[in-house]
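Novice: Structure of the sequence below:
(2 chains)
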2 protein chains.
Amino acid sequence: MLAAYFEKTGPPDVLQVGHLPDPTVADDDVLIAGRYAAVNPIDCYLRSGSVPANLPRPYVPGSDLAGVVVAVGPKVHDLAVGDRVWTTLQGFAGRQGTMCQRFACPRSEVYRLPECVEFRTAAAVGLVGMTAFIGLVEKARLATNERLVIRGGSGAVGLAAIQIAKILGAQVVASAGSPEKALACRQAGADHVIDYHAAPWFETIREIFPDGVDVVWDATRSPDLVGACQILRFCGRVVLMAGREAQAILPVGPFYTKEQQILGLMAPLASPESKDRGAIALSRWMERESLRLPIAAEFPLDQIAAAHRLQESATIEGSATIVGKIVVCLPDG
Amino acid sequence: MLAAYFEKTGPPDVLQVGHLPDPTVADDDVLIAGRYAAVNPIDCYLRSGSVPANLPRPYVPGSDLAGVVVAVGPKVHDLAVGDRVWTTLQGFAGRQGTMCQRFACPRSEVYRLPECVEFRTAAAVGLVGMTAFIGLVEKARLATNERLVIRGGSGAVGLAAIQIAKILGAQVVASAGSPEKALACRQAGADHVIDYHAAPWFETIREIFPDGVDVVWDATRSPDLVGACQILRFCGRVVLMAGREAQAILPVGPFYTKEQQILGLMAPLASPESKDRGAIALSRWMERESLRLPIAAEFPLDQIAAAHRLQESATIEGSATIVGKIVVCLPDG
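Specialist: Numbering: from 1, shown residues only, chains lettered A, B, ... in the order given. Next up, the predicted model:
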């Protein structure tokens, strides 16, 4: 099969596209002919080596996949050849990722894709939707009518979090760094959008919600706990899921005397039960069109290096102004 | 009735002992003739004004009380005059505290004291036991065989946390700053005691548990999140319950990529359900003598100022080397 892979870490041009053996299908596995995969920042970190990981070599990157079942192991009885499916959180913990024509993984990680949902929609939602679900629902336990601030609302995770928070009935303020990004946040359903560069951000929030907010989702690479503790009410929660190099200052007194919590989020580490609940919810919300992500760019598999370059310029260098997801169309055959 | 109280905040000698009107007993209240109350650091913070609070004036300090029921409101049918009882978490949220001869509070906050448990034992356990229970059980959800580090293990909360963690079946390392304090930690049941001044502490922990620990309870006034994130395993939790003036540095990357959590603890803010579970557990553990605290000093009510001075010298100035609780014997009548 055709696959994108690399033998050693480095810049985007370490990525090759070529033939690899088809995966073996274990007894409880499903073999998927992939139609669309998506690029996520973690793919770039693993490829560049900036996030050290014990990767198989060659390593096929990619967390998300949507496609059609082409084979099932003998223990799989509730999915059949031809079924439309999606999966996510692949390519971690020593396992191969999804940027390939045929991908095998356990039945428990494969979810039915409703007929009306396009493959590329499901690929785009995958990891960012699951991350937002696990963070908001499973970790922060965001409740109806609670107030959520999303710092960095226009990133793909931020846009998914805005939509999920609105589905849950929360009130949402997002920060965004440009008029285009602010528009994307509004289109995702944010009740208020503030300028990311307006300092201090928490004072702007205070003008909107004078008595504070319940959850701060900080998707930036420089989380601001001083601001978060200022604006959070009693029992407020901060979700952290970015900023690998950051050192944040925590004002201990305001934090503990208000019984606040800081919750680290790394979706691949969530429990199987959390992931199952996420998959059910995300499938339903995609079907109802209450959750979808703008597609910023689509590449064919043989341009995977260009897709990585664009992702890096947007996430790491901040020089691209894309809004939404980068998806990769996988070749037939 | 006789009570200790102050009209305005300030040093220990703002405390007066004199007559105040007996409390009124609401329909669902219990009136307790107090035998023993205890002094906690929060009493000193409220009295000095270093923790601003909206206190009634005059304000009677005190969170903990053990005594005998002397009257019940007409809606109270399951406690009777003469019953031995205890209570804690009093004196917060605009309400009066327990340093007085007769104290009234709702039935739901009054717990039966097993016959074999002395009044002063229950007064000593109260707030610190409830704090340790809510932090370890309700917040951190410490599990059997998990590994707990208690920084500042020889404070009263630390000694209660060591005992509760051992009851729960955890493995406990405590840090202590002197041989006397180390001995108290060992007597409380700590599996290992390390020198608080040994730097860096987390490397000493690493020698004991090379693959890390599950929960760090930081009872010091300078919580060390850098060290905690170093030593915590995946899904590790930090409990913070002291350090009002501290600014702690959080290394964001190691924290979120290991799905760690930081949990602020302020026991009076816990849910009524958490407090009920705590009261049941603490009563049972006191009855079985698996939970008790050393009594460092006992004062009569009219020496309440001296009791506050000793608490301050131990907690705030660090100049006293007391181990255990300061209790106050309340006068009959």
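
Novice: can you tell me the helix or strand for the residue minimising distance to the centre of chain A?
Specialist: The centroid of chain A falls nearest to A:Val128 when counting by CA atoms, centre = their mean (1.7 Å). Here A:Val128 sits within helix A:119-133, counting by DSSP states H and E.

Novice: can you tell me if that helix touches chain B.
Specialist: No. For helix A:119-133, no contact with chain B is found by CB under 8 Å from any CB of the partner chain; the gap never falls below 11.2 Å. All C-beta atoms are positioned from the backbone trio N, CA, C, and that covers glycine.

Novice: rewinding a little: surely the residue nearest to the centre of chain A and A:Ala156 touch.
Specialist: Yes. Counting by CB atoms under 8 Å, A:Ala156 is a contact partner of A:Val128 at 4.4 Å.

Novice: which residues are in contact with both of those two?
Specialist: A:Asn40, A:Leu293, A:Lys325 (CB atoms under 8 Å, 6 or more residues apart in numbering or on different chains).

Novice: Same list as before, these that is, but in JSON lines and with distance to A:Glu203 included.
Specialist: Formatted as JSON lines, the shared contacts of A:Val128 and A:Ala156 follow (distance: CB to CB, whole Å):
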{"residue": "A:Asn40", "distance to A:Glu203": "33"}
{"residue": "A:Leu293", "distance to A:Glu203": "31"}
{"residue": "A:Lys325", "distance to A:Glu203": "32"}
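
Novice: Tell me which entries of those residues lie within helices.
Specialist: Among those, none falls in helices (DSSP state H).

Novice: which among those residues gets closest to chain B?
Specialist: A:Asn40 (14.6 Å; CB to the nearest CB).

Novice: From A:Val69, how far out is A:Val30?
Specialist: Computed as CB to CB, to the nearest Å, the A:Val30 to A:Val69 distance reads 6 Å.

Novice: before we move on, what about A:Phe133?
Specialist: Noted for A:Phe133: a distance of 24 Å to A:Val69, by CB to CB.

Novice: Those two: who's more crowded?
Specialist: Between A:Phe133 and A:Val69, counting by other CB atoms under 10 Å in any protein chain shown, A:Phe133 is the more crowded of the two (29 against 19).

Novice: okay, now the closest residue to that one other than its chain neighbours: neighbour count?
Specialist: Excluding the flanking residues, the one nearest A:Phe133 by CB to CB, 6 or more residues apart in numbering or on different chains is A:Gly278, at 4.1 Å. As a burial measure, A:Gly278 scores 24 neighbours (other CB under 10 Å).

Novice: residues in contact with A:Gly278?
Specialist: When the contact criterion is CB under 8 Å, 6+ apart, the partners of A:Gly278 are A:Gly129, A:Met130, A:Phe133, A:Ile134, A:Val137, A:Glu138, A:Ala270.

Novice: hang on, it is in a helix, isn't it?
Specialist: Yes. A:Gly278 sits within a helix when classified using DSSP: H, G, I helix; E, B strand; the rest coil.

Novice: Over to the nearest residue to A:Asn145 once chain neighbours are set aside. Which of the three states is it?
Specialist: Spatially, and ignoring its direct neighbours in sequence, A:Asn145 is nearest to A:Gly169 (6.2 Å; CB to CB, 6+ apart). Here A:Gly169 is recorded as coil under three-state DSSP.

Novice: For A:Gly169, grab the count of nearby residues.
Specialist: So A:Gly169, with other CB under 10 Å, has 11 neighbours.

Novice: Check what pLDDT it gets.
Specialist: On pLDDT, A:Gly169 comes in at 97.

Novice: Relative to A:Leu232, how far out is A:Gly212?
Specialist: Distance of A:Gly212 to A:Leu232, given as CB to CB: 6 Å.

Novice: more neighbours, the two?
Specialist: The neighbour comparison of A:Gly212 against A:Leu232 (other CB under 10 Å) goes to A:Leu232, with 26 against 17.

Novice: Which stretches in the stretch 1-150 of chain A count as strands?
Specialist: In the stretch 1-150 of chain A, the strands defined using DSSP state E, counting those that start in this stretch lie at A:2-5, A:16-19, A:29-39, A:64-72, A:84-87, A:102-106, A:111-112, A:147-151.

Novice: Can you name every helix or strand that the first one contacts?
Specialist: This points to strand A:2-5. Counting contacts by 3 or more CB pairs under 8 Å, 6 or more residues apart in numbering or on different chains; DSSP states H and E, strand A:2-5 packs against strand A:16-19.

Novice: tell me which element A:Lys166 falls in.
Specialist: helix A:156-167.

Novice: Tell me the helix or strand right after that helix.
Specialist: Tracing the chain C-terminally past helix A:156-167 and defining elements by DSSP H and E, one meets strand A:171-176 next.

Novice: Look up phi and psi at the residue nearest to A:Asn145.
Specialist: Main-chain dihedrals, A:Gly169, degrees, to the nearest 10: phi 90, psi 20.

Novice: quick revisit: residue contacts, the residue nearest to the centre of chain A?
Specialist: A:Val128 neighbours (CB under 8 Å, 6+ apart): A:Asn40, A:Ala156, A:Val157, A:Leu159, A:Ala160, A:Leu293, A:Lys325.

Novice: At the contact with chain B, which residues of chain A appear?
Specialist: So chain A meets chain B at A:223, A:225, A:234-235, A:240-253, A:255-266, A:269-270 (CB under 8 Å from any CB).

Novice: Go through those residues and flag which are in strands.
Specialist: A:Phe234, A:Cys235, A:Leu240, A:Gln247, A:Ala248, A:Ile249, A:Leu250, A:Pro251, A:Gln261, A:Ile262, A:Leu263, A:Gly264 (DSSP state E).

Novice: Produce a PyMOL select command limited to the buried residues of the residues you listed.
Specialist: The buried residues among these can be selected in PyMOL (16 or more other CB atoms under 10 Å in any protein chain shown) with this line:
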select buried, chain A and resi 240+248+250+251+261+262+263+264
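
Novice: Looking at the ones in strands among the residues of chain A next to chain B, which is nearest A:Glu203?
Specialist: A:Glu203 has its nearest neighbour among those in A:Pro251, at 15.8 Å by CB to CB.

Novice: Can you list the low-confidence ranges for the stretch 1-150 of chain A?
Specialist: Residue ranges of the stretch 1-150 of chain A with pLDDT under 70: none are present.

Novice: Can you classify A:Ala182 by secondary structure?
Specialist: helix.

Novice: Please enumerate residues in contact with stretch A:214-223?
Specialist: By CB under 8 Å, 6+ apart, stretch A:214-223 touches A:135-136, A:140, A:142-143, A:146-153, A:155, A:157-158, A:161, A:170, A:224, A:228, A:231-233, A:235-246, A:248, B:252.

Novice: Would you mind giving the domain segments of chain A?
Specialist: A:2-113+A:294-329, A:128-268 (automatic domain parsing).

Novice: May I have stretch A:298-306 as PDB, with CA atoms only?
Specialist: Extracted in PDB, the C-alpha atoms of stretch A:298-306 (Å, rounded to 0.1, in the frame of the first residue of the first chain):
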ATOM      1  CA  GLU A 298      -6.700  19.800   1.400                       C
ATOM      2  CA  PHE A 299      -3.600  18.000   0.100                       C
ATOM      3  CA  PRO A 300      -3.100  14.700  -1.800                       C
ATOM      4  CA  LEU A 301      -1.000  12.100   0.100                       C
ATOM      5  CA  ASP A 302       2.000  12.700  -2.100                       C
ATOM      6  CA  GLN A 303       2.100  16.300  -0.900                       C
ATOM      7  CA  ILE A 304       2.300  15.400   2.800                       C
ATOM      8  CA  ALA A 305       5.500  17.400   3.300                       C
ATOM      9  CA  ALA A 306       3.700  20.500   2.100                       C
END
